[in-house]
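# Sequence below, structure please.
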Amino acid sequence: MLQQKQLTTTILKELNSSKYEKLLYVKYPNNYVTSNSHKHETHGIVTVNLSNSNTIINLSDLKGNCILKCSSGLVNYRGNEKIRKYALVSSLKNIIDQSSKLNYKSIALHFRGLKRYRSLVINLLKKKFFLVIVKHTYKLPHNGCRPKKAKRL
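Sure, this is the predicted structure:
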């Protein structure tokens, strides 16, 4: 029991040392801060979901509760137009206009789905907000490993 307490205290000391300043998220009592952001508070999280058939943008608080949402369908695009560049830009501008009432200054940006138009989204959001962190998750199946050869009988 005593060894476990000593081990946890040494781990906590190591985490507080300067070795781990480059971590993505360093948790403080009320906000998430990155070491490279000069202690800027993150006010919200913008999640951009780019799929094969639609683009969905959410603005949420740090707990994950959705505050604003917009998709290319809500901006009156139909069918194949929903995945185009202008549909993404118009839905992003819609979110930026609605978020001006919230007085968010710095945000975290999370991407889900396909990799297209990422630099466009980053540049549009940089004009209005301070981006604390940009996170990419790209999960598409690749149909797994090749199956074993069937035995001949």
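
# mind checking which helix or strand of the chain has the lowest mean pLDDT?
Taking mean pLDDT, DSSP states H and E as the measure, the chain has strand 26-27 as its least confident helix or strand, at a mean of 38.

# In the sheet, which residues pair with the residue nearest the centre of the chain? Tell me.
The chain has His110 as the residue nearest its centroid, 1.2 Å off, counting by CA atoms, centre = their mean. Beta-bridge partners recorded for His110 (DSSP bridges): Thr47, Lys135.

# give the contact list for it.
Each residue near His110 by CB atoms under 8 Å, 6 or more residues apart in numbering is listed here: 45-48, 134-135, 137. No exception for glycine: its C-beta is placed from N, CA and C like everyone else's.

# Take the residues you listed and write them to a markdown table, including distance to Lys63.
Below are those laid out as a markdown table (distance: CB to CB, whole Å):
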| residue | distance to Lys63 |
| --- | --- |
| Ile45 | 10 |
| Val46 | 15 |
| Thr47 | 14 |
| Val48 | 19 |
| Val134 | 20 |
| Lys135 | 17 |
| Thr137 | 19 |
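
# now, which of these sits nearest Arg84?
Val48 (14.9 Å; CB to CB).

# wait, doesn't that closest one sit right on Leu114?
No. Val48 is beyond contact range of Leu114, at 10.3 Å (criterion: CB atoms under 8 Å).

# Comparing the two, which residue is more hemmed in?
Val48 (22 against 15; other CB atoms under 10 Å).

# just the CA coordinates of stretch 116-123, formatted as CSV?
The C-alpha trace of stretch 116-123 is given here as CSV (Å, rounded to 0.1, in the frame of the first residue of the first chain):
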residue,chain,number,x,y,z
ARG,A,116,-11.0,17.8,-48.0
TYR,A,117,-11.3,21.6,-47.4
ARG,A,118,-9.5,21.4,-44.0
SER,A,119,-7.2,24.4,-44.7
LEU,A,120,-10.2,26.4,-45.9
VAL,A,121,-12.1,25.8,-42.7
ILE,A,122,-9.0,26.7,-40.6
ASN,A,123,-8.4,29.9,-42.5
